[in-house]
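Visitor: could you look at this predicted model? Sequence included:
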Amino acid sequence: MTSSSAGSRPLVIDASYAVRAVLSSSSSQGCRRQLATWVAEDRALLSPPHWIAEAVSALRKFRSLGEMSPEETDRAVEDLFALEIESIPCDLALCRAALDWADRMTHSKAYDAFYLALAETREAELWTTDERLENRARQLGADWVHSAGA
């Protein structure tokens, strides 16, 4: 699905939101319901390509802490792919926009900045569970960033 085929404004989903959606906890229900609504609305779900590595790394951390079994982790990885988030390849413009966002946010790394850059360039909303990311982006004028909360 591409943003041009979506019925309305596309959505950028960060790794934290995707992970929350596939966990089997009560705090995940809101993310799952929201994703189901977006799918029913034919909204395009986008992310930079590193989202899946970030999400799998987060699941690995839960597993290493004993919070998930190997079977639960494997199932959660399958569920990540079932979300059908479209990975948008990085190009020069996106990388430059990410560097600009990292500068504005005074981050030493650009991981989060890629989500912001993609959302901005695609005129999309960004959904995260990282309230610090949402707050900082909104301080910089990005009212299109939303947090599902912790």
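Guide: Sure, I can see it.

Visitor: name the element C31 belongs to?
Guide: helix 29-40 (DSSP states H and E).

Visitor: lowest-confidence helix or strand of this structure?
Guide: Between all helices and strands in the chain, the lowest mean by mean pLDDT, DSSP states H and E belongs to helix 29-40, at a mean of 91.

Visitor: helices and strands around whatever helix or strand comes next after the helix holding C31, which ones?
Guide: Next helix or strand after helix 29-40 toward the C-terminus (DSSP H and E): strand 45-47. For strand 45-47, the elements it packs on are strand 11-13, helix 29-40, strand 86-87, helix 111-121, judged by 3 or more C-beta pairs under 8 Å, 6 or more residues apart in numbering; DSSP states H and E. The C-beta positions use only the backbone N, C-alpha and C, and glycine is treated the same way.

Visitor: next, format these as JSON lines and append distance to W51 and mean neighbour count.
Guide: Formatted as JSON lines, the helices and strands packed on strand 45-47 follow (distance: least, C-beta to C-beta, whole Å; neighbours: other C-beta atoms under 10 Å):
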{"stretch": "strand 11-13", "distance to W51": "7", "mean neighbour count": "27"}
{"stretch": "helix 29-40", "distance to W51": "14", "mean neighbour count": "15"}
{"stretch": "strand 86-87", "distance to W51": "7", "mean neighbour count": "12"}
{"stretch": "helix 111-121", "distance to W51": "8", "mean neighbour count": "24"}
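
Visitor: ok so, going back, list the contacts of the helix holding C31.
Guide: L11, Y17, R20, A21, L45, L83, E84, W127, T129, A148 (C-beta atoms under 8 Å, 6 or more residues apart in numbering).

Visitor: show me the shaky parts of this protein.
Guide: Residue ranges of the chain with pLDDT under 70: 1-7, 149-150.

Visitor: phi, psi for H146 please.
Guide: For H146, the backbone dihedrals are phi -130, psi 150 (criterion: degrees, to the nearest 10).
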